[in-house]
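In: Structure of the sequence below:
(chains A and B)
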2 protein chains.
Amino acid sequence: MNAEKIPDIIITRLPVYLRALQRMADHGIRTTSSQELGKHVGISAAQIRKDISQFGEFGKQGTGYSIPYLLDKLREILKVDRLWDVIIVGAGDMGHALARYQGFVDRGFNVVMIFDNDKHKIGHKIGHLVVEDTADLLERVKSSGIKIAMLTIPATVAQDITDKLVEAGIQAILNYAPISLNVPDDVKVQYIDPATHLQRMTYYL
Amino acid sequence: MNAEKIPDIIITRLPVYLRALQRMADHGIRTTSSQELGKHVGISAAQIRKDISQFGEFGKQGTGYSIPYLLDKLREILKVDRLWDVIIVGAGDMGHALARYQGFVDRGFNVVMIFDNDKHKIGHKIGHLVVEDTADLLERVKSSGIKIAMLTIPATVAQDITDKLVEAGIQAILNYAPISLNVPDDVKVQYIDPATHLQRMTYYL
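Out: Predicted structure coming up:
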């Protein structure tokens, strides 16, 4: 297995397989086939077999995949066999929703800080977090060694904040702001702007 | 131009071009080149030229693209030259955030209803909307002719609600619930589960 050679498009599908397998495990199911998994995720069995085989031999002909084993392996490949500290920048409605979201910890993420530049928000509690001043962002992130940030700020300030995050050592950004970000090649960005995603569907209506 | 022949991957990029061009227009810029647009969106100039040329001749050699003209055309292609009514199912934190989000109307979407099955939420106001009972979902959506829904409900109920939405005539679903949905071929789903998007980046860390 050579991680460098796995195409991005396969990496994109692995979290979807992981999520479906976890759901099966939660229902007490211990083995599955590429056909069954395919039905759950809407991807062909052949594609699933091809994707998973990139990482070694996981299934046995005729007996299918062991779900606990495949879960372990997928978590290891995606590096979510550990808990990553994550920060949120922007304590508006979306920042609030993410700070209170219960679905992160089981999937490898722990929101540990939230920042805003609004004096009316700084110092307020959201769940177990206290909103911190964006002015302290660089220092706080740098000294903590955190690698992952979620951006829920207006587009107008998103690039400036991104530059600061990169300087502070952030290497992965989940961007809710409706703007493309310029980052160095070694920093990953995932875009999650809802209007863009809606516009990808209206074409077909 | 034959809409049937345009690959999905190109349609995926068009809203990103539209967003960047709108931003330039907001700054008073009236012409651009594939090079300049490429810098904004992190996509090669050659790819942009190829994508846009699928829909006809938009730019002139040497003078670049007229931004107002390209904006009009992209909106027309993506069918966001009109305002689509959209419903939200789930009035939790994320549903709240989406109901109050200011970024939809300018980009073709108008949230007109929000539903929840929690008696403590039904009847409460979120912005200018009143939370309605999910029990009325089928009837309300059917009679309104609405085609687009955003799902911000737990994974456990997402498929049941999806079946109801499809029965009611919904053809496009933006799904925040952490689960793959089974829908007929003519219904589109975009997935926006934050943990899945984070896991697509940890692989590279």
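In: Can you tell me how far A:Val141 is from A:Ala46?
Out: Per C-beta to C-beta, to the nearest Å, A:Val141 is found 43 Å from A:Ala46. In short, each C-beta sits where N, CA and C put it, glycine included.
In: same question, A:His40
Out: For A:His40, the distance to A:Ala46 equals 16 Å [C-beta to C-beta].
In: Surely A:Gln35 and A:Ala45 touch.
Out: Yes: the criterion here is C-beta atoms under 8 Å, and A:Gln35 meets it with A:Ala45 at 4.6 Å.
In: Give me the more crowded residue out of A:His40 and A:Ala46.
Out: Per other C-beta atoms under 10 Å in any protein chain shown, whichever of A:His40 and A:Ala46 has more neighbours is A:His40, with 18 against 11.
In: Now the element after the helix or strand hosting A:Val111, going C-ward?
Out: Using DSSP states H and E, A:Val111 sits in strand A:109-116. Sequence-wise, the next helix or strand downstream of strand A:109-116 (DSSP H and E) is strand A:125-126.
In: partners of the helix or strand following that following strand in the sheet?
Out: Next helix or strand after strand A:125-126 toward the C-terminus (DSSP H and E): strand A:129-133. Strand pairing for strand A:129-133, using DSSP bridges, gives strand A:109-116 (parallel), strand A:125-126 (antiparallel).
In: which one's the longest helix in chain A?
Out: The longest helix of chain A (DSSP state H) is helix A:8-26.
In: In terms of secondary structure, what does that helix contact?
Out: Counting contacts by 3 or more C-beta pairs under 8 Å, 6 or more residues apart in numbering or on different chains; DSSP states H and E, helix A:8-26 packs against helix A:34-41, helix A:45-53, helix A:67-77, helix B:194-202.
In: switch to 6 Å and redo it
Out: helix A:34-41, helix A:67-77, helix B:194-202 (3 or more C-beta pairs under 6 Å, 6 or more residues apart in numbering or on different chains; DSSP states H and E).
In: Partner strands of the helix or strand that that helix is followed by, with direction?
Out: With elements assigned by DSSP H and E, the helix or strand that comes after helix A:8-26 is strand A:31-32. Sheet pairing of strand A:31-32 (DSSP bridges) gives strand A:65-66 (antiparallel).
In: Can you point out the buried residues in the longest helix of chain A?
Out: Neighbour-count burial for helix A:8-26, counted by 16 or more other C-beta atoms under 10 Å in any protein chain shown, picks out A:11-24.
In: distance of the most centrally placed residue in chain A from B:Glu76?
Out: The residue lying closest to the centre of chain A (C-alpha atoms, centre = their mean) is A:Leu174, at 7.0 Å. Counting by C-beta to C-beta, the gap from A:Leu174 to B:Glu76 is 31 Å.
In: how many neighbours does A:Thr63 have?
Out: A:Thr63 has 9 neighbours, counted by other C-beta under 10 Å.
In: got it, and the one 10 residues further on?
Out: Residues within reach of A:Lys73, counting by other C-beta under 10 Å, total 18.
In: now swap in A:Ile77 and tell me
Out: Here the count is done by other C-beta under 10 Å, and A:Ile77 has 21 residues near it.
In: Skip the chain neighbours and tell me the closest residue to the residue nearest to the centre of chain A.
Out: Residue nearest to A:Leu174 in three dimensions, not counting chain neighbours: A:Met150, with 4.5 Å by C-beta to C-beta, 6 or more residues apart in numbering or on different chains.
In: pretty sure the one you found belongs to a strand, no?
Out: Yes: remark: A:Met150 belongs to a strand, assigned using DSSP: H, G, I helix; E, B strand; the rest coil.
In: Correct me if wrong: it contacts A:Ala172.
Out: No: with contact defined as C-beta atoms under 6 Å, A:Met150 does not count as touching A:Ala172 (9.6 Å).
In: just to revisit the earlier point, most tightly surrounded among the helices and strands packed on helix A:8-26?
Out: When the helices and strands packed on helix A:8-26 are scored by mean count of other C-beta atoms under 10 Å in any protein chain shown, the highest mean neighbour count falls to helix B:194-202 (a mean of 23).
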